[in-house]
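J.: any chance you could fold what I've pasted below:
(2 chains)
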Protein chains: 2
Amino acid sequence: MISPSTTVAPTHRVLAAELPALIGREVTVQGWLHRRRTLKSVVFLVLRDRSGLAQIVLTGPEATAGVAGHPEETVLQVTGTVTAAPQAPGGAELTSPRVTALSGPAEPPPFDLYRPAVTASLPTILDHAPVALRHPVLRAPHVISAASVAGFREALDGLAFTEIHTPKVVASATESGANVFAIDWFGTRAYLAQSPQFFKQAMVGVFERVYEVGPVFRAEPHDTARHLAQYTSLDAELGFVTDHRDVMAVLREVLAGMTDAVRRRAGDACALLGAALPAVPERIPEIHFARAQELIAAHTGEDPRGEPDLAPAHERWLSEWALREHGSEFLFVTGYPMVKRPFYTHPEPGRPEYSNSFDLLFRGLELVTGGQRLHRHEDYLAALAARGESPEPYTGYLAAFRHGMPPHGGFALGLERWTARLIGADNIRRTALFPRDLHRLTP
Amino acid sequence: MISPSTTVAPTHRVLAAELPALIGREVTVQGWLHRRRTLKSVVFLVLRDRSGLAQIVLTGPEATAGVAGHPEETVLQVTGTVTAAPQAPGGAELTSPRVTALSGPAEPPPFDLYRPAVTASLPTILDHAPVALRHPVLRAPHVISAASVAGFREALDGLAFTEIHTPKVVASATESGANVFAIDWFGTRAYLAQSPQFFKQAMVGVFERVYEVGPVFRAEPHDTARHLAQYTSLDAELGFVTDHRDVMAVLREVLAGMTDAVRRRAGDACALLGAALPAVPERIPEIHFARAQELIAAHTGEDPRGEPDLAPAHERWLSEWALREHGSEFLFVTGYPMVKRPFYTHPEPGRPEYSNSFDLLFRGLELVTGGQRLHRHEDYLAALAARGESPEPYTGYLAAFRHGMPPHGGFALGLERWTARLIGADNIRRTALFPRDLHRLTP
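T.: Take a look at the predicted model:
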């Protein structure tokens, strides 16, 4: 009457990639009908599974008639004999096959998934994401993202960080009054969290070193190739730092871990997209914001000195400079003026108009923002007063600092932006499975 | 002008747990002043860091006066000589110390963090979470949670699953019309996602096997010890299954991986809480819903036959039965009546009033829900029609099934519920860092 549960993988399914090692054996493959080519007396089926493609050869009128009712994308199970075939993927194909449909006959996808290149427009791709992402070229960025996150966690686990999960709904829009989504929380007005900033800082008091991988929400009314209204933020925060350089050193380890994980876990996806992985230098070059502006003034014919931030063109110039001078695709720009950084930023000792913060530029764009935070309660009160802000909305946030917090800092890295830079994506929406933006809430 | 970034850990800080191996050496420790005991001519400081506690001994009027201004929870740096001391934690203490404060003097926490037992009420703990969670007993559940998630991912990575990140904001409240939070999305009404169900199913068409660790939101107006309005859902979905038993087999591996990871990565936290880890049987016992009702009728004096679901008391009875009869703290109950399962549930072949679904009971409570899903487009249309629902709101969801989907299934496990069961928590709020519920939006 009671039977124990079965063990994993009770079917004897083999994957397409395993066929070359099974020549002469009868096996069963399962996957999507990627392509059907009908010749005079032969039908070639190409089956797609998570490992790749498998070719199946049907001969004779009975066999070929039997598969006529299976349009491309129909899910099939095929049992046949693995036969050496130099012209087939991996040098093996299935012959004498018995074909069974596991799904109903598939409707045609919005564009041909079997063609090597994707010619569909981005809106078409996004509108039909559940099907479009089956295309190996459109699937590959997400394999790279998954590998990247694994590398992020591996690196931080190795440095004794603890993973945390924090609220995505908050009572007040504290970090920045604008660009928040309002939500009806049991009749009370609440907001979607723009970052786990305050929570991760507080948790330094508990775990010393924490990270979180989670969604953040920005109601940015920008309709650009670089903005998403929901993205995956890779956040880390650590205590007992000397200053922001300790944070940068951890970030260097994280970038190396992410790159290494992509190489190990997503090599095929990178090859398919022609994505070149960066070398992560043992020591990533860094330049102070003030010195960066001097360099730009001396070499570009423009003089940004006095500006509190870097223009995109100047970020690009600095990236090229770092590559030329230091052979690095990464560059730390440190010391951004306090006036452009959030109130919790730690000023630079001796030059309080600058900060102990940094941006990491990667291939011409800012990829990571981070720095040392204030850690004394009175410094928070002074920083808010200097900005003319009341401490009242921050009461919960400031509680941790009343009770003893060590010098600490951290950083946030946007997963989609990282993947987009790795693969040279023209639009960040290619790196989110189901992007959310000003105009898009579906699928 | 440009200096390379420093390497990790430029300070020579050692952790409390390392002291016993460093006897005779001069070292620096950093942490929170956990406890200060002032005797006539001696002051004992106990410093807390992420590894544990370190005892520091100050003698002489000058030294003891120097630390009088450091209340408990002040962050200190102490340099001193590691000296064998049988009565100290780990058998070592710091003598001849030089003490520096890294934070301002801490205000007293809402309750004494140094006392081994926590006597504060749950509301006090939750109101003061940033400080309260520093107590080792209140911190420990979150260490167990972090380890559990690591084990979840390790197990699924080993089974060729791909990690995904899906939208937390959706256009329509599809899975269940009630209990959703409404949100203003650039002037459009949208909803917080109650689960990644539809996205993970669609992604079976792309990756075959996927998982997600992320927040889900339930606007449940229940104020109980078991409900959170945001919790962390551990979701998995896999294609090419025979039926729900393949899903159960994967879940068994996941539970074993989670338990093993907790043992390896959170052994101290378990010991502190007296948490006994379950043995995960090679084959978790299972019982069909109909048979479970017969057993209950035969043995409890109650007759639940005809009811479409199990009462909490009957779940407890079944859990006890499984422990008694099969020596297992886990029990699969399969075949729940279709009427109580979501429309995407696959019916049981031959007995279509039952389903190819399951709940996993663990220590008296449902921990996981899962099962096989429908995979044919026409089956979805029929299922919705049978429930009198229009397919229109599900158009995006149903798209994947138009284009060929394999037989598939999956499960969802609530992280907080898992941890609460492991540690025998009286309230699930002890397992969320910053719980969100009907009444609580802060801190």
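
J.: and A:T162, how far from B:H12?
T.: A:T162 sits 23 Å away from B:H12, going by Cβ to Cβ, to the nearest Å. Where you see a C-beta, it was placed from the backbone N, CA and C, and this is true even at glycine.

J.: what's the answer for A:V180, then?
T.: From A:V180 over to B:H12 the distance is 43 Å, taken as Cβ to Cβ.

J.: and if you look at A:G410?
T.: Distance, A:G410 to B:H12, using Cβ to Cβ: 22 Å.

J.: show me which residues of the stretch 251-400 of chain A sit near chain B.
T.: Within the stretch 251-400 of chain A, the positions adjacent to chain B are A:252-253, A:283-287, A:291, A:332, A:375-378, A:396-397, A:399-400 by Cβ under 8 Å from any Cβ of the partner chain.

J.: go again using 7 Å as the cut-off
T.: With the criterion set to Cβ under 7 Å from any Cβ of the partner chain, the stretch 251-400 of chain A comes near chain B through A:252-253, A:283-287, A:291, A:332, A:375-378, A:396, A:399-400.

J.: please flag which of those sit within helices.
T.: Judged by DSSP state H, helices contain the following of these: A:R252, A:E253, A:R291, A:H377, A:E378, A:G396, A:A399, A:A400.

J.: which SS class is the closest residue to the fifth one other than its chain neighbours?
T.: To tie it back to what came earlier, the one meant is A:E378. Spatially, and ignoring its direct neighbours in sequence, A:E378 is nearest to B:G104 (6.3 Å; Cβ to Cβ, 6 or more residues apart in numbering or on different chains). Following DSSP: H, G, I helix; E, B strand; the rest coil, the label given to B:G104 is coil.

J.: run a quick neighbour tally on B:G104.
T.: Neighbours of B:G104 under the rule other Cβ atoms under 10 Å in any protein chain shown: 18.

J.: thought it was touching A:H377?
T.: Yes. B:G104 is within contact range of A:H377, at 6.1 Å (criterion: Cβ atoms under 7 Å).

J.: hey, what's A:T232 bridged with?
T.: A:P215 (DSSP bridges).

J.: give me the pLDDT for it.
T.: pLDDT recorded at A:T232 is 98.

J.: wait, it sits on B:H165?
T.: Yes. When contacts are counted by Cβ under 7 Å, A:T232 is listed as touching B:H165 (4.7 Å).

J.: now the helix or strand containing A:P123: average pLDDT?
T.: Per DSSP states H and E: A:P123 is located in helix A:122-127. Confidence for helix A:122-127, expressed as mean pLDDT, is 97.

J.: identify each buried residue in that helix, please.
T.: Going by neighbour count (16 or more other Cβ atoms under 10 Å in any protein chain shown), the buried part of helix A:122-127 is A:I125, A:L126, A:D127.

J.: for chain B, see how far away the first one is.
T.: Taking Cβ to the nearest Cβ, to the nearest Å as the measure, A:I125 falls 13 Å from chain B.

J.: what's the answer for the last one, then?
T.: A:D127 sits 9 Å away from chain B when distances are taken as Cβ to the nearest Cβ.

J.: equivalent analysis for the second one, please.
T.: A:L126 sits 11 Å away from chain B, going by Cβ to the nearest Cβ.

J.: what does stretch A:208-219 contact?
T.: The contact list for stretch A:208-219 (Cβ atoms under 7 Å, 6 or more residues apart in numbering or on different chains) reads A:149, A:156, A:159-166, A:168, A:179-181, A:192-196, A:200, A:203-204, A:229-240, B:49-50, B:168, B:186, B:214-215.

J.: typed the wrong thing, it's stretch A:162-177
T.: By Cβ under 7 Å, 6+ apart, stretch A:162-177 touches A:180, A:183, A:185, A:190-200, A:203, A:207, A:209-212, A:214-215, A:342, A:393-394, A:397, B:143, B:146, B:149, B:168, B:215, B:230, B:232, B:433-434, B:436, B:441-442.

J.: could you export stretch A:288-301 as CSV, CA atoms only?
T.: In CSV, the C-alpha atoms belonging to stretch A:288-301 read as follows (Å, rounded to 0.1, in the frame of the first residue of the first chain):
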residue,chain,number,x,y,z
HIS,A,288,41.5,59.4,-7.4
PHE,A,289,38.6,61.4,-8.7
ALA,A,290,40.6,64.7,-8.6
ARG,A,291,43.5,63.2,-10.4
ALA,A,292,41.2,61.6,-13.0
GLN,A,293,39.8,65.0,-13.7
GLU,A,294,43.3,66.4,-14.1
LEU,A,295,44.2,63.7,-16.6
ILE,A,296,41.1,64.3,-18.6
ALA,A,297,41.8,68.0,-18.7
ALA,A,298,45.4,67.4,-19.8
HIS,A,299,44.5,64.9,-22.5
THR,A,300,41.1,65.4,-23.9
GLY,A,301,40.8,69.1,-24.5
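
J.: so how far is it off the chain centroid?
T.: Counting by Cα atoms, centre = their mean, to the nearest Å, stretch A:288-301 is centred 32 Å from the centre of its parent chain.

J.: can you count the residues close to A:W185?
T.: That count, for A:W185 with other Cβ under 10 Å as the rule, works out to 22.

J.: isn't it up against B:L441?
T.: Yes. With contact defined as Cβ under 7 Å, A:W185 counts as touching B:L441 (6.1 Å).

J.: residues touching A:R387, list them.
T.: Contacts here follow Cβ under 7 Å, 6+ apart; on that basis A:R387 touches A:F343.

J.: for it, give its distance to chain B.
T.: Using Cβ to the nearest Cβ, we find A:R387 at a distance of 21 Å from chain B.

J.: need phi/psi at that residue.
T.: phi -90, psi 10 (degrees, to the nearest 10).

J.: show residues contacting stretch A:402-413.
T.: With Cβ under 7 Å, 6+ apart, stretch A:402-413 has contacts from A:195, A:200-201, A:204-205, A:233-241, A:244, A:247, A:251, A:367-373, A:375, A:377, B:30, B:32, B:73-75, B:102-103, B:106-107, B:109, B:131.

J.: in helices, which of these fall?
T.: Among the contacts of stretch A:402-413, DSSP H puts A:K200, A:Q201, A:V204, A:G205, A:H244, A:V247, A:L251, A:H377, B:V131 in helices.

J.: now for the residues you listed, which pair is the farthest apart?
T.: Among the ones in helices among the contacts of stretch A:402-413, the pair separated by the greatest distance (Cβ to Cβ) is A:L251 and B:V131, at 28.1 Å.

J.: which one's more surrounded, the two?
T.: A count of neighbours by other Cβ under 10 Å puts B:V131 above the other of A:L251 and B:V131, at 28 against 25.

J.: test my guess that the more buried one contacts A:A399.
T.: Yes. Taking Cβ under 7 Å as the definition, B:V131 is a contact partner of A:A399 at 6.5 Å.

J.: for A:L234, which non-adjacent residue is closest in space?
T.: Nearest one to A:L234, counting by Cβ to Cβ, 6+ apart, is A:L413 at 4.4 Å.

J.: using the three-state scheme, assign the one you found.
T.: Under three-state DSSP, the three-state class of A:L413 is strand.

J.: got the confidence number for it?
T.: A:L413 is given a pLDDT of 98.

J.: bridged to it, which residues?
T.: Beta-bridge partners recorded for A:L413 (DSSP bridges): A:L234, A:V368.

J.: and the gap between it and A:G257?
T.: A:L413 is 12 Å from A:G257, by Cβ to Cβ.
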